[in-house]
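K.L.:
compute the structure for the input listed below.
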Amino acid sequence: MRTLCRHLCTAGLIVASIAMMSGTAAAFDKYGVPTISCVSSSQTAIQLQVCGDVLTGAPAGVSIHWTTKADYDLNGWGGNICELSLSGMPGRDHGSADSRWDLGPGECQVIQIGDNIFDETGASGNCPDALECGTEYVFRIFAHADRNAKRSDFSAPPVSCSTADCDEGGCTHTQGYWKTHGPVGCQTGNNTNEWGFTSLTLGTVNYTDAQLCATMGINPPNCGGGQGADALVKLAHQLIAAELNEADGADVTCVAAAMAQAHNLIGGLIVAPNAGSTCVGTNSALGAQMTAVMTTLDNYNNGFLACAQHCTKAFKQGLNMESTPVNGAPKQQQPAKKSSWGQVKSYYR
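P.N.:
Numbering: from 1, shown residues only. Model prediction:
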C-alpha cells in the first residue's frame, strides 16, 4: 500500500508541476495577480507595462483602474475611478491573434493610458479622455476570469505614475481633441470648430471636413476572417490629427517622414465609413505597416516626440499640479492650486 501510494502521489505531483510550469489554469482556482509598472509619460498620457502572472498568465485579458493620487488620498478606490477592460478574446476575434491581451505566463505588453484607447483592439472603458498634465495618478489591475479559472485579486499597493509637467509652445492635440473641436458632428458641449482646413487629401483621395469628421467618429470595424480590426481607419485617425496639428502651427519636423509614409500606405484606398471603403486588417502585411506608422503619429499627437509639446488647457488656467516624475527622480516642488477632479475635467469638455 505504501509503495502504491508513493508511486501515485509522485505521479500526481509530476502532473501538477507540469501543469504549473506550462501555465495552464487547470492547476489553479483563480488566476495569479498581474503586475503593472510605469514606462514613460507625456503631458496627456502614461505608458504602462502590463505582465501576466509568471505561473498562470492572464489568457482572458486584464482590467486596469486608475484615478488621481489626490482623489485616491481622499476616497481610496471609492471615488472617481476610471476603468479599462483589455479583453484577451474580444467578440468575433475570439481565439485569433488579433488581441494582444491573451497574456501567457510572464508575458508583457505596453498600454498607453489616454484618449488613444479608442483604437485599441479589445478595449472598452469609461474614460476615453486625455490625462491632465503635471498630475500624479495611481493604478491597479486584475486578470479576467474565464471557464478555466476565476478572476485574480486586485494588485496592491497602487502603482503611482505621473504625467509630464505642463508646458506650452509648438504644441499638439490628440485625435480625441480634434474629433470634439471640429465641424458639425465633431463638436461637444460649447466647443467650437478649430479645424484649420475644410478638406484634406489622405493618400490620393480628397475628403471634405464632414467626411473626415465621420471617419474620426467611428471605431475601427473588424475586417473578418481573422484579419483583425481596420488598420486603415486607425492610421487615418492619427494622420488627420497630425495634419490638423500642423495646420494649427505645431512643428512636424520629427514626424514629417512618418506622415509622408502614411499617405503612401493609404494611396488610393478609401477610408471607412465612406462609400467604397477598403478594410485593411491589422493582421495583414499592409495592416502591420500601417499600425507601425500609426503608433509613431500617435506618439507625436500625444507629445511623446521631441519636436512638439502637447497643448493643455489646464496649463493655460494655472492648474500646474505638483507631481512626481515617472522615473521617481526628485523634483522641485511647485505651488499647487487645489481643484476637484470634476473641476479639472471640466476644462477638457
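K.L.:
Ile46 is in contact with Ala130, isn't it?
P.N.:
No. If you go by C-beta atoms under 8 Å, Ile46 and Ala130 don't touch, sitting 10.6 Å apart. The C-beta positions use only the backbone N, C-alpha and C, and glycine is treated the same way.
K.L.:
helix or strand for Arg140, just tell me which one.
P.N.:
strand 136-143 (DSSP states H and E).
K.L.:
each with direction, which strands does that strand pair with?
P.N.:
Its sheet considered, strand 136-143 pairs with strand 61-68 (antiparallel), strand 159-162 (antiparallel) by DSSP bridges.
K.L.:
most tightly packed of these?
P.N.:
With neighbours taken as mean count of other C-beta atoms under 10 Å, those reach their highest mean count in strand 61-68, at a mean of 23.
K.L.:
tell me the average confidence for that strand?
P.N.:
Strand 61-68 carries an average pLDDT of 96.
K.L.:
now stretch 157-177
P.N.:
On average, stretch 157-177 scores 83.
K.L.:
and Ile46 and Ala130? Which one has more around it.
P.N.:
Ala130 (26 against 23; other C-beta atoms under 10 Å).
K.L.:
the more buried one in helix, strand or coil?
P.N.:
coil (DSSP: H, G, I helix; E, B strand; the rest coil).
K.L.:
enumerate every residue touching Asn245.
P.N.:
In this structure, Asn245 makes contact with 172-173, 252, 300-301, 308, judged by C-beta atoms under 8 Å, 6 or more residues apart in numbering.
K.L.:
hmm, back to that, find residues that contact each of Ile46 and Ala130.
P.N.:
By C-beta under 8 Å, 6+ apart, the residues touching both Ile46 and Ala130 are Gly114.
K.L.:
pLDDT below threshold where in the stretch 201-349 of the chain?
P.N.:
312-349 (pLDDT under 70).
K.L.:
and the helices in it?
P.N.:
Along the stretch 201-349 of the chain, the stretches classed as helices by DSSP state H, counting those that start in this stretch are 209-216, 231-247, 256-266, 285-301, 313-316, 341-346.
K.L.:
tabulate these (CSV), appending distance to Asn193.
P.N.:
Formatted as CSV, those follow (distance: least, C-beta to C-beta, whole Å):
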stretch, distance to Asn193
helix 209-216, 8
helix 231-247, 11
helix 256-266, 23
helix 285-301, 19
helix 313-316, 17
helix 341-346, 20
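K.L.:
neighbour-wise, which one of the contacts of Asn245 leads?
P.N.:
Most surrounded of the contacts of Asn245: other C-beta under 10 Å gives Asn301, at 35 neighbours.
K.L.:
and the strands in the protein?
P.N.:
35-41, 46-51, 61-68, 82-87, 108-113, 123-125, 136-143, 159-162, 199-202, 205-208 (DSSP state E).
K.L.:
just to revisit the earlier point, buried set for the strand holding Arg140?
P.N.:
136-143 (16 or more other C-beta atoms under 10 Å).
K.L.:
out of the helices of the stretch 201-349 of the chain, which is the most enclosed?
P.N.:
Scoring these by mean count of other C-beta under 10 Å, the most buried comes out as helix 231-247, with a mean of 26.
K.L.:
how many other residues sit next to the residue nearest to Thr204 when sequence neighbours are not counted?
P.N.:
Ranked by C-beta to C-beta, 6 or more residues apart in numbering and with sequence neighbours excluded, the top spatial neighbour of Thr204 is Gly268, at 5.0 Å. Neighbourhood size, Gly268 [other C-beta under 10 Å]: 8.
K.L.:
go on, Cys108?
P.N.:
13.
K.L.:
repeat for Gly134
P.N.:
21.
K.L.:
and if you look at the one 10 residues further on?
P.N.:
By other C-beta under 10 Å, 22 other residues sit near His144.
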